[in-house]
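Undergrad: Sequence below, structure please.
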Amino acid sequence: MSMNQEVTYGVDFCAGGKGRRNSKAFSSPQLPSEVSAASSSIPRIARLMALAIRFDGLLRAEEFRDYAQLARLGRVTRARMTQIMKLLDLAPDVQEQILFLPNLRGLTERTLRPIVSRIDWSEQRRMFQKIMDRVDKAGNSV
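TA: A predicted model of the protein is given here:
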């Protein structure tokens, strides 16, 4: 998968309420209805991967100081923000596969945690392939 494609997700962390904050970092232009309908079929793990990539870009551009600031704005714990950002420790080709996979039951951020904890990308690739084989045998179409 070496073709260049851009994937854009609209993420609303501030779904209303008293403490609603406006931030251009988390906002996106309104999507046409057909794009919105298609985005509902995008797997959660792909959304999290894209979010981690986006947050990394924002941190590198120094629009935010640290994970804690992102977590406060996103109304998640710092631990959860760290879990999401750890997806960036995956081998680049595994990240790319995650971004473009169909919706698969059993492929979650939690199932990827053992892979993320490995430093060796070759080992990550082997472990990811085992998970994909297991998910495939569970009746998903890959």
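
Undergrad: Below-threshold pLDDT in this structure: ranges please.
TA: The model of the chain has pLDDT under 70 over residues 1-40, 139-142.

Undergrad: run the last query once more with 90
TA: 1-41, 73-74, 102-106, 134-142 (pLDDT under 90).

Undergrad: Which parts of it are strands?
TA: Counting by DSSP state E, one finds no strands in the chain.

Undergrad: mind listing the helices for it?
TA: 33-39, 44-60, 67-74, 78-85, 92-100, 109-116, 121-137 (DSSP state H).

Undergrad: want to try JSON lines for those helices, with mean neighbour count as columns?
TA: From N, CA and C alone the C-beta is placed, and that goes for glycine too. JSON lines is the format used below for the helices of the chain (neighbours: other Cβ atoms under 10 Å):
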{"stretch": "helix 33-39", "mean neighbour count": "10"}
{"stretch": "helix 44-60", "mean neighbour count": "17"}
{"stretch": "helix 67-74", "mean neighbour count": "17"}
{"stretch": "helix 78-85", "mean neighbour count": "16"}
{"stretch": "helix 92-100", "mean neighbour count": "16"}
{"stretch": "helix 109-116", "mean neighbour count": "16"}
{"stretch": "helix 121-137", "mean neighbour count": "14"}
